[in-house]
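Trainee: Got a predicted structure here, sequence first:
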Number of protein chains: 2
Amino acid sequence: MATISDVAKLSGLSKTTVSRVINNHPYVSDKKREQVLKAMKDLGYIPNPSARRLRGQLTTTIGVIVPRIVNPFFAHLINSIEQAASQKGYQVLIGQSYEDREKELAFLNLLKTKQVDGIIMTSTENDWDVIESYIEYGPIMLCNDYVNQEIAPMIRLDQSKGAQIGANHLIERGHRKIAYCTGGLFDEQGKGKDRNQGFQKALSEAGIKINPKWIFVDQHTIEDGKYVLRQLLEMNDRPTAIFTGSDEVAGGIIIEAKEQGLTIPNDLAVIGFDDQPIAEILDPKLTTIRQPVDQMGEKAIEVMIEMLEKEEVEVKNYELPIELVVRQST
Amino acid sequence: MATISDVAKLSGLSKTTVSRVINNHPYVSDKKREQVLKAMKDLGYIPNPSARRLRGQLTTTIGVIVPRIVNPFFAHLINSIEQAASQKGYQVLIGQSYEDREKELAFLNLLKTKQVDGIIMTSTENDWDVIESYIEYGPIMLCNDYVNQEIAPMIRLDQSKGAQIGANHLIERGHRKIAYCTGGLFDEQGKGKDRNQGFQKALSEAGIKINPKWIFVDQHTIEDGKYVLRQLLEMNDRPTAIFTGSDEVAGGIIIEAKEQGLTIPNDLAVIGFDDQPIAEILDPKLTTIRQPVDQMGEKAIEVMIEMLEKEEVEVKNYELPIELVVRQST
DNA sequence: TAGTTATATGGAATCGATACCACATCTAAG
DNA sequence: CTTAGATGTGGTATCGATTCCATATAACTA
């Protein structure tokens, strides 16, 4: 592999001049610039990123933490982030936390060692106090998940409103016995908590009280959804509708419901969250709450680059619109 | 961020000794090793990977190229590769080619600059001659996609056999008017070609001749599948079964078929490829050909690490089992 | 006991690129 | 015609870690 010295030698100039050409510095004569360019081409020269990083340059790499890429919602989010980033000349380094605190920290460490310029977190496993301590090494922002402190820029959706819209939709359809299914445990803050609140608010405004037996927490997958439905079936007093925190869980419920001979939405109305591709695949098609993934990715990169290029950026909260997509499951 | 010099200073020893401790070299007394370890801990020291890479060490990073991570098949493949890699102490760097030659080359360049130790390609956009020229910079292997030259290690499935099994299954069910839907264009080699051959072979052995009007190429997404079905409907002479190269296309066909009032499998039998989660979500559930994704990832990492750690490895072809999963769509 | 060999430690060069500093021209202003 | 400022070029220290080489001490052998 050719190095900057090789280019210098071949072009008969100094490493300094070559470096200037690479970095588009002024004060290089056109003639020598041509010489250098030619030598670079002849040698197939590519600057060594490790050396540049070591020297303290920007890496033009942005880290993105997701829980797992097999989750289509996050795959799409990564995709939109990567698209936006590459348009601006940045690379993206993907890290999966597998919902594990240690793994998340390991990835944040890339910031310390200048492997990435900044990090976009789409989920948070550790407490914010812990994450915060990494901020001195480079900008960190949240996209999708969030905490209720104005400490880092966040791209967020009004989860509370989303949950309200969904719950109200069910109420308008005449349901009063509504079950609730969420991903988080009993979250103390952030996304999960806001959703819970939104759901509660919608029901209490309609004068409905929540049956604690109909609350399911820590549900994530299609399998989880199937299991939820089976539990529902064993109850004497069953809900007529169920609100879920993810399209996948909703999918599991629908699939198992059909298996057990129930009719959707007549026997049970189901509403999802995310508007993933699966929502259109399910039969009946899933009513769900759409998260504007593409916009989120774009905005995240926009804000991240601003943080990278300007010294001081005011910590801002960006809220994107969330909307209900009515299909056939309600 | 603490450096090796800081650790050396704090422990009162030389950088050399510290380096030895880091790399588990022998010839370090227990006492000094303890001193160093303590200093490292006190400072929260982490070796700077850029510096190590620059010095020519292994990066313990393996690159993986996929067309796009939003494709669930590849998301799962990445996942299994990453799991296997992290177990062996390797990191994974993901690159999306977006089916673009240039993007693929850009990623292969990471090898030149020692950003990654080796690369696993799950798809190939460029001709092998081009890719081959990168092999001098580090090991490259294929996993999933393949070329018909014994030039690099490959983890492959017998695609020809897979297609045959699928086609035979349709034939056994009594179908003789069978359409065919594939991802690749008219591939000259590799996966696509072998599938085509397998399909042809099964049909010709059953004495069925292929109707060229029923061949669809370059089909990848759910939308593509819907479009295929609409085209089918406009034909006077329609097939009674369709073989597709991906579960997603099959899904699109099923969804649109129901929309148009057809009954699956009575009016049209559909068979997919991959056995993605969607196969179980569809209604009716999709009969498909399972690719053992987890095994592929595991084996790929096993072979890659062997290439990395031994000088000479014989170029081998690993063939994994492929099987038919019969569900309700046929 | 002298001479090896194994063990233990440090000094300094090195990887590839950047940037500060010094120096050489050239231009334009006074 | 001198001189300040702009323009152009190269030498060399530097980033953080590894490793060759040199040196020092301990352990072993004849």
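Mentor: Perfect, I can see it now. Numbering: from 1, shown residues only, chains lettered A, B, ... in the order given.

Trainee: tally of neighbours for the closest residue to chain B within the stretch 151-300 of chain A?
Mentor: Going by C-beta to the nearest C-beta, chain B is nearest to A:Asp283 of the stretch 151-300 of chain A, at 4.3 Å. Bear in mind the C-beta positions are built from the backbone N, C-alpha and C, glycine included. Per other C-beta atoms under 10 Å in any protein chain shown, the neighbour tally for A:Asp283 reads 19.

Trainee: Tell me which residues touch it, please.
Mentor: When contacts are counted by C-beta atoms under 8 Å, 6 or more residues apart in numbering or on different chains, A:Asp283 is found next to A:254, B:255, B:258, B:282-283.

Trainee: Could you list which residues are in contact with the closest residue to A:Gln200 other than its chain neighbours?
Mentor: Once flanking residues are discounted, A:Gln200 sits nearest to A:Ile210: 6.8 Å by C-beta to C-beta, 6 or more residues apart in numbering or on different chains. Contact analysis of A:Ile210 by C-beta under 8 Å, 6+ apart lists A:178, A:180, A:200, A:203.

Trainee: Now the two most distant members of the residues you listed.
Mentor: A:Ile178 and A:Gln200 (11.1 Å; C-beta to C-beta).

Trainee: I'd like to know how far A:Gly174 sits from A:Ala269.
Mentor: Applying C-beta to C-beta, to the nearest Å, the value for A:Gly174 to A:Ala269 is 9 Å.

Trainee: And these two? Which one has more around it.
Mentor: Remark: of A:Gly174 and A:Ala269, A:Ala269 carries more neighbours, 21 against 9, as counted by other C-beta under 10 Å.

Trainee: Who is that one paired with across the strands?
Mentor: A:Ala241 (DSSP bridges).

Trainee: My read is that it contacts A:Thr330, right?
Mentor: Yes - between A:Ala269 and A:Thr330 there is a contact at 4.4 Å, judged by C-beta atoms under 8 Å.

Trainee: joint contacts of those two?
Mentor: In contact with both A:Ala269 and A:Thr330: A:170, A:173, A:241, A:287, using C-beta under 8 Å, 6+ apart.

Trainee: Tabulate those residues in JSON lines, adding columns for neighbour count and pLDDT.
Mentor: Shown next, in JSON lines, are those (neighbours: other C-beta atoms under 10 Å in any protein chain shown; pLDDT from 0 to 100):
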{"residue": "A:Leu170", "neighbour count": "27", "pLDDT": "95"}
{"residue": "A:Arg173", "neighbour count": "15", "pLDDT": "94"}
{"residue": "A:Ala241", "neighbour count": "24", "pLDDT": "96"}
{"residue": "A:Thr287", "neighbour count": "24", "pLDDT": "97"}
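
Trainee: Any chance of the residues you listed in CSV with distance to A:Gln83 and secondary structure as columns?
Mentor: Putting these into CSV (distance: C-beta to C-beta, whole Å; DSSP: H, G, I helix; E, B strand; the rest coil) gives the following:
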residue, distance to A:Gln83, secondary structure
A:Leu170, 35, helix
A:Arg173, 37, coil
A:Ala241, 37, strand
A:Thr287, 28, strand
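
Trainee: quick check: angle from the host helix or strand of A:Ala84 to helix B:72-87?
Mentor: Assigned by DSSP states H and E, A:Ala84 belongs to helix A:72-87. For helix A:72-87 against helix B:72-87, the angle by axes from the mean of the first three to the mean of the last three C-alpha atoms, to 10 degrees is 90 degrees.

Trainee: what about the strands in the stretch 1-150 of chain A?
Mentor: Using DSSP state E, counting those that start in this stretch, the strands of the stretch 1-150 of chain A run over A:61-66, A:91-96, A:118-121, A:140-143.

Trainee: Where among the ones you listed is average confidence lowest?
Mentor: Mean pLDDT is lowest for strand A:91-96 among the strands of the stretch 1-150 of chain A, at a mean of 90.
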